[in-house]
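Student: sharing a model prediction with you, sequence too.
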Number of protein chains: 2
Amino acid sequence: MEKPYVLGLDMGGTNSVLGAVDARGHVLARTSIKTQAYADINDYVEALYQEAVKIMDSLGGIELFRGIGAGVPNGNYYTGYIQDAMNLPWQTVPFAQLVSDRFGIPCKITNDANAAAMGEMTYGVARGMKNFIMITLGTGVGSGIVIDGKVVYGHDGFAGELGHTCAVRGELARPCNCGKVGCLEAYASATGVARTAKEIISSSTKETLLRSINIDAITSKDVYDAAEKGDEVAKEIFDFTGTILGQSLADFVAFSAPEAIVLFGGLTKSGHWIKDPVEKAMNENVLPLWRNKVKVLFSDLKEADAAVLGASALAWE
Amino acid sequence: MEKPYVLGLDMGGTNSVLGAVDARGHVLARTSIKTQAYADINDYVEALYQEAVKIMDSLGGIELFRGIGAGVPNGNYYTGYIQDAMNLPWQTVPFAQLVSDRFGIPCKITNDANAAAMGEMTYGVARGMKNFIMITLGTGVGSGIVIDGKVVYGHDGFAGELGHTCAVRGELARPCNCGKVGCLEAYASATGVARTAKEIISSSTKETLLRSINIDAITSKDVYDAAEKGDEVAKEIFDFTGTILGQSLADFVAFSAPEAIVLFGGLTKSGHWIKDPVEKAMNENVLPLWRNKVKVLFSDLKEADAAVLGASALAWE
């Protein structure tokens, strides 16, 4: 019998969420452990295994599981290593090998944005697509690029760092956490939007509902709520952000000519307020042959499941 | 017996050059016809065939030829069509089909930059590489992207238009021939360099050997000659051009994490004068993980052969 299940692991800096997934993308069982509670990677893997056994047994045992896919910080698909992960207790470890040795089933790893792309291709809005680009808009901006049905890893396994392509050049460009300036991440991440809100609000005296919120704690949700009530400053924040993101997407289109760009994360909850300026800027900045031809799609995977689903998709390969 | 030869066709707006090539990349025989002399595509294909027969017969006959690869304007690898080629008499025709029907051997087509990438991978400095990006610096700026040993064609066959990614944004950005502004092509093409020379020379009163040349006809060769003589303005022109090109290359690296960037065309004849600022800007603008790790290589294929070799490489696939 074909093994019907896979495990998906979403390793975050705080929690590691493990789920059992079927071929349709249903998360049938889930559990989690605290990532930081294990100073030794072998203790972490052992704790993970003990939890995994419980959910695998609830579904009929490990014999029904094809493998485990993991989305991990700085995960290298080629080598199976976690490399130089500053926010993890272990930094550099042969994670895939350790897991497959302990579990007795194959383990593949990648970073979270590539896992998200796998998830969209396997279970989400990119099902059936062979060429698309996934952009994750969260604390940072990540990306996973799919060409000919495969995630692009490049020469070293680290391809697809589109959050750190240059969106704005020159003296006005913002510094990015990576040490460079003007990166897309500095504009389209959650902190990027908060910074834009702060700049736009404090640079004018226009009336806005957003002045009632602590200017250092504005989120894209706050901006969305204000836009829904007709707030012009809120719309300006989305236009600014969407224009920069759309301009960058236009350059990504010139690279791999994707069928679609799939967006995931906080900003997408703002719906048309962000989608409209993104599409407008993208179409204004692509060559005529791509104008109004490349779809911009928002992920429709449940946010609570998306990371586990994405990771699990690796195990079907 | 394995067929030892292929044909390579380099179709330009003026001349169509056809060569017979062996597996080592030697062009053993060549011929050409005038592209514009045939208003009917069938007449063009027939003329091509008659010429081809001569060089094939000189090498032992068509039985020894595996196929024909063609680099053609707006050539679509997937469909075999030339599409909307404004500089050709036929604009849109099923070229690969017409050629393989008449010749009786398989024909594959692509555009010239993708053909160049195939040529470098098959016979040139990218031999053995599975991940690299080819940038052709000529009248325009073209590109061919190789990932996992294959040229990237994307959803529609037109991937790899890196000459039309945005190198400079904002009000100072130059218009590009494509109708957009700030494209890499507007800075790193032959006309881009000429324009940079004109701008830099006319915006200062600095002494320069370049003032003795008609300011509207300066080439990168002129700038090179001046730089070799210690001309500071010439060096400034290369620094400006190389910095913009290097910044763009940094973003391309973030996309596909290539082992190398291969440059071909006019600008590369300026050697270290252009290579140094390109490498400097690229390394300053990539994430730390790629700093000083991605090679910048100049093509070493003979310019007269490169286009035919590149096209011919398609026929070995």
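Tutor: Yep, it's here.

Student: how about stretch A:307-317 as CSV, C-alpha atoms only?
Tutor: This file holds the C-alpha atoms of stretch A:307-317, laid out as CSV (Å, rounded to 0.1, in the frame of the first residue of the first chain):
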residue,chain,number,x,y,z
ALA,A,307,3.9,26.5,7.5
VAL,A,308,3.4,22.8,8.5
LEU,A,309,1.7,22.1,5.1
GLY,A,310,4.5,23.7,3.2
ALA,A,311,7.2,21.7,5.1
SER,A,312,5.2,18.5,4.7
ALA,A,313,5.1,19.0,0.9
LEU,A,314,8.8,18.3,0.8
ALA,A,315,8.2,14.7,2.0
TRP,A,316,6.0,13.8,-1.0
GLU,A,317,8.9,14.5,-3.5
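
Student: pLDDT on that stretch, on average?
Tutor: Average pLDDT, stretch A:307-317: 93.

Student: stretch A:228-236 now?
Tutor: 97.

Student: just stretch A:267-275 next, same as before
Tutor: 95.

Student: start to end distance for that stretch?
Tutor: Start and end residues of stretch A:267-275 are separated by 9 Å (Cα to Cα, to the nearest Å).

Student: now that stretch: how far from the chain's centre is it?
Tutor: Counting by Cα atoms, centre = their mean, to the nearest Å, stretch A:267-275 is centred 16 Å from the centre of its parent chain.

Student: what does stretch A:289-303 give?
Tutor: That offset, for stretch A:289-303, works out to 15 Å (Cα atoms, centre = their mean).

Student: and it, what's buried?
Tutor: A:Trp290, A:Val294, A:Val296, A:Leu297, A:Phe298, A:Ser299, A:Leu301 (16 or more other Cβ atoms under 10 Å in any protein chain shown). Just so you know, the C-beta spots here come from the backbone N, C-alpha and C atoms, and that holds for glycine as well.

Student: so which of those are in strands?
Tutor: Among the buried residues of stretch A:289-303, the residues falling in strands (DSSP state E) are A:Val296, A:Leu297, A:Phe298.

Student: list the contacts of the residue nearest to A:Leu209 when sequence neighbours are not counted.
Tutor: By the measure of Cβ to Cβ, 6 or more residues apart in numbering or on different chains, the closest residue to A:Leu209 outside its immediate chain neighbours is A:Ala226, 4.3 Å from it. For A:Ala226, the contact set (Cβ atoms under 8 Å, 6 or more residues apart in numbering or on different chains) comprises A:Thr208, A:Leu209, A:Leu210, A:Val233, A:Ala234.

Student: work out for me the element A:Ala226 sits within.
Tutor: Secondary-structure assignment from DSSP states H and E places A:Ala226 in helix A:220-228.

Student: ok, A:Gly230 next?
Tutor: Going by DSSP H and E, A:Gly230 is not part of any helix or strand.

Student: the residue lying closest to A:Cys178 once chain neighbours are set aside: neighbour count?
Tutor: Leaving aside its chain neighbours, A:Cys178 sits nearest to A:His164 (5.5 Å; criterion: Cβ to Cβ, 6+ apart). By the measure other Cβ atoms under 10 Å in any protein chain shown, the count of residues near A:His164 is 28.

Student: what is the worst-scoring helix or strand of chain A on mean pLDDT packed up against?
Tutor: The weakest-scoring helix or strand in chain A, judged by mean pLDDT, DSSP states H and E, is helix A:303-313 (a mean of 91). Here helix A:303-313 touches strand A:5-11, strand A:15-22, strand A:27-34, strand A:65-71, helix A:112-123, going by 3 or more Cβ pairs under 8 Å, 6 or more residues apart in numbering or on different chains; DSSP states H and E.

Student: re the thing from before, closest to A:Ile215 among the ones in strands among the buried residues of stretch A:289-303?
Tutor: A:Phe298 (27.9 Å; Cβ to Cβ).

Student: wait, the closest one sits on A:Leu263?
Tutor: Yes: look at A:Phe298 against A:Leu263 with Cβ atoms under 8 Å: they come within range, at 5.4 Å.

Student: and the helices in the stretch 151-300 of chain A?
Tutor: Assigned by DSSP state H, counting those that start in this stretch, the stretch 151-300 of chain A shows helices spanning A:185-188, A:190-202, A:220-228, A:232-256, A:272-285.

Student: how distant is the fourth one from the center of its chain?
Tutor: Centroid displacement of helix A:232-256 relative to its chain, using Cα atoms, centre = their mean, is 18 Å.

Student: equivalent analysis for the shortest one, please.
Tutor: Taking the mean of its C-alpha atoms, helix A:185-188 sits 14 Å from the chain's own mean (Cα atoms, centre = their mean).

Student: what residues does it touch?
Tutor: For helix A:185-188, contacts defined as Cβ under 8 Å, 6+ apart pick out A:135, A:137, A:140-141, A:163-164, A:167-168, A:173-178, A:192-193, A:195-196, A:241, A:244-245, A:248, A:267.

Student: pretty sure A:Leu162 contacts B:Ala257?
Tutor: No: counting by Cβ under 8 Å, A:Leu162 stays clear of B:Ala257, with 11.5 Å between them.

Student: tell me, how many neighbours does A:Gly170 end up with?
Tutor: Other residues within reach of A:Gly170, judged by other Cβ under 10 Å, total 12.
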